[in-house]
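> The following comprises the amino acid sequence and a computationally predicted model.
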Amino acid sequence: MNMEHAFVCGNPALDFAATLRARRTARFEMFAAPDRLDAWYLESGTVDSVSPARQADVVRATTVREAVYQLLTARRLGEDFDDGALAEVNDAARRASAAPQLTHSGRWTAATQREALSTVARHAVELLSGPDVPLLKECGNPECTRVYIDRSRGTRRQWCGMESCGNKIKAAAYRARRKTAVTVVA
């Protein structure tokens, strides 16, 4: 399977919220088509198979995603939750979620779109009410808006992931230092 989505945040709900990339600048939608939503559910390991999404499923998923992001931001900043965002996430979490089944070859989770979305919403409920709340951080890359769980020693992690943002920022800083050094020498 060709992985097109990134999973660097430490929780499926955080990775789900990160599917609208660069929220402050370019805003890149990872769920541009229904098959991209299906791919996310499979690549994230949320389910092993999912019924094909329709456009209405994408609209529902992006609505829940934006509510999750709003709640994450409020929690990170120590602000009150928005009642509308709470209602969206709770409504999705209240529905039946994907149920894993034991097969001869191991665990297999088949789901409908609503069951897959409910599973992600339940991850959000557990995360936002659990012990990892103080570890929630936003990526230090000004163009990235991913929220991740910082489990690093001393909680000093600055980026959602080294491959995605850390290397870009470090390379840009290196180039800036080199340019300054060359200018000073000249």
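Thanks, I have the structure now.
> so where is this protein shaky, pLDDT-wise?
1-3, 162-164, 166-186 (pLDDT under 70).
> all strands for it, in order.
20-21, 28-29, 49-50, 101-103, 106-108, 110-111, 136-138, 147-149 (DSSP state E).
> Ranking the ones you listed by mean neighbour count, which comes first?
Mean neighbours per residue, mean count of other Cβ atoms under 10 Å, is largest over the strands of the chain for strand 147-149, with a mean of 22. (C-beta placed from N, C-alpha, C; glycine too.)
> Okay, now the sheet partners of that strand, with direction.
strand 136-138 (antiparallel) (DSSP bridges).
> just how off-centre is the strand it pairs with within its chain?
11 Å (Cα atoms, centre = their mean, to the nearest Å).
> before we move on, what about stretch 31-40?
14 Å.
> Need the residues that contact that stretch.
Contact with stretch 31-40 is made by 4-5, 16, 19, 30, 46, 50, 52-55, 57-58, 61-62, 65, 113, as judged by Cβ atoms under 8 Å, 6 or more residues apart in numbering.
> could you redo the last one with a cut-off of 6 Å?
5, 19, 50, 53, 54, 58, 61, 62 (Cβ atoms under 6 Å, 6 or more residues apart in numbering).
> wait, doesn't residue 72 sit right on residue 147?
Yes: using Cβ atoms under 6 Å, residue 72 makes contact with residue 147 at a distance of 5.0 Å.
> what comes up buried for the longest helix seen in the chain?
In the chain, assigned by DSSP state H, the helix with the most residues is helix 55-77. Within helix 55-77, the residues scored as buried using 16 or more other Cβ atoms under 10 Å are 57-58, 60-65, 67-75.
> Over to stretch 143-156?
Within stretch 143-156, the residues scored as buried using 16+ other Cβ under 10 Å are 144, 145, 146, 147, 148, 149, 150.
> again, but for stretch 111-128
111, 113-125, 127-128.
> just the CA coordinates of that stretch, formatted as PDB?
Extracted C-alpha coordinates of stretch 111-128, given in PDB (Å, rounded to 0.1, in the frame of the first residue of the first chain):
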ATOM      1  CA  ALA A 111     -16.300  -0.900   9.200                       C
ATOM      2  CA  THR A 112     -18.900   1.400   7.700                       C
ATOM      3  CA  GLN A 113     -17.900   5.000   7.300                       C
ATOM      4  CA  ARG A 114     -19.900   6.000  10.400                       C
ATOM      5  CA  GLU A 115     -18.300   3.200  12.400                       C
ATOM      6  CA  ALA A 116     -14.800   4.300  11.300                       C
ATOM      7  CA  LEU A 117     -15.600   8.000  12.100                       C
ATOM      8  CA  SER A 118     -17.000   7.000  15.500                       C
ATOM      9  CA  THR A 119     -13.800   5.200  16.300                       C
ATOM     10  CA  VAL A 120     -11.700   8.300  15.600                       C
ATOM     11  CA  ALA A 121     -14.200  10.500  17.600                       C
ATOM     12  CA  ARG A 122     -13.800   8.100  20.600                       C
ATOM     13  CA  HIS A 123     -10.000   8.500  20.300                       C
ATOM     14  CA  ALA A 124     -10.600  12.300  20.600                       C
ATOM     15  CA  VAL A 125     -12.800  11.900  23.600                       C
ATOM     16  CA  GLU A 126     -10.300   9.700  25.400                       C
ATOM     17  CA  LEU A 127      -7.400  12.000  24.500                       C
ATOM     18  CA  LEU A 128      -9.100  15.300  25.500                       C
END
